[in-house]
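Novice: I would like the atomic coordinates for the input below:
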Amino acid sequence: MKKIVSCFLIFSLYIQATTACTRIFWNKKNSMTVARTFDWDNHYEETLLVLPRGMRHTGGTATNEANWYSKFGSIVVQENYKTQRNEQSLTGSTR
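Specialist: Alright, predicted model coming up:
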């Protein structure tokens, strides 16, 4: 019994709190799908942006920048990097 308690105490010293998200990759012939969840409860002063469909966008470069109108509306979570999902469930990340 003492060995079991000793082992338990030793291993419990190595247990640390962790936060994680689930990420899924699905590769098919001509396409790749990536999905992830946000399972953690921390907040990093993020900004939530709701962008409507038909919104005008620009590429942000000094010369020869691309201009387009969004086909779908999207929700963007902006922290140190951006993560977004549009109304057709397409997601993207700048990380």
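
Novice: Could I get the full set of strands for the chain?
Specialist: Ranges of strands in the chain, per DSSP state E, are 23-27, 32-36, 47-51, 56-58, 67-69, 74-78, 82-86, 91-93.

Novice: mind checking which of those is nearest residue 8?
Specialist: strand 23-27 (32.2 Å; CB to CB). All C-beta spots, glycine's among them, are computed from the backbone N, C-alpha and C.

Novice: The closest one pairs with which strands?
Specialist: strand 32-36 (antiparallel) (DSSP bridges).

Novice: what's the partner strand in contact with?
Specialist: 21-27, 91 (CB atoms under 8 Å, 6 or more residues apart in numbering).

Novice: Determine how far that strand lies from the middle of the whole chain.
Specialist: Remark: strand 32-36 is offset 10 Å from the chain centroid, using CA atoms, centre = their mean, to the nearest Å.

Novice: picking that back up, which among the strands of the chain is found nearest to residue 12?
Specialist: strand 23-27 (28.8 Å).

Novice: Need the residues that contact the closest one.
Specialist: Counting by CB under 8 Å, 6+ apart, 32-36 sit against strand 23-27.

Novice: With distance to residue 66, pLDDT and neighbour count as new columns, can those be given to me in CSV?
Specialist: Converted to CSV, the contacts of strand 23-27 look like this (distance: CB to CB, whole Å; pLDDT from 0 to 100; neighbours: other CB atoms under 10 Å):
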residue, distance to residue 66, pLDDT, neighbour count
32, 23, 74, 8
33, 25, 74, 12
34, 23, 71, 13
35, 27, 71, 12
36, 27, 68, 13
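
Novice: Right, I'll leave it there.
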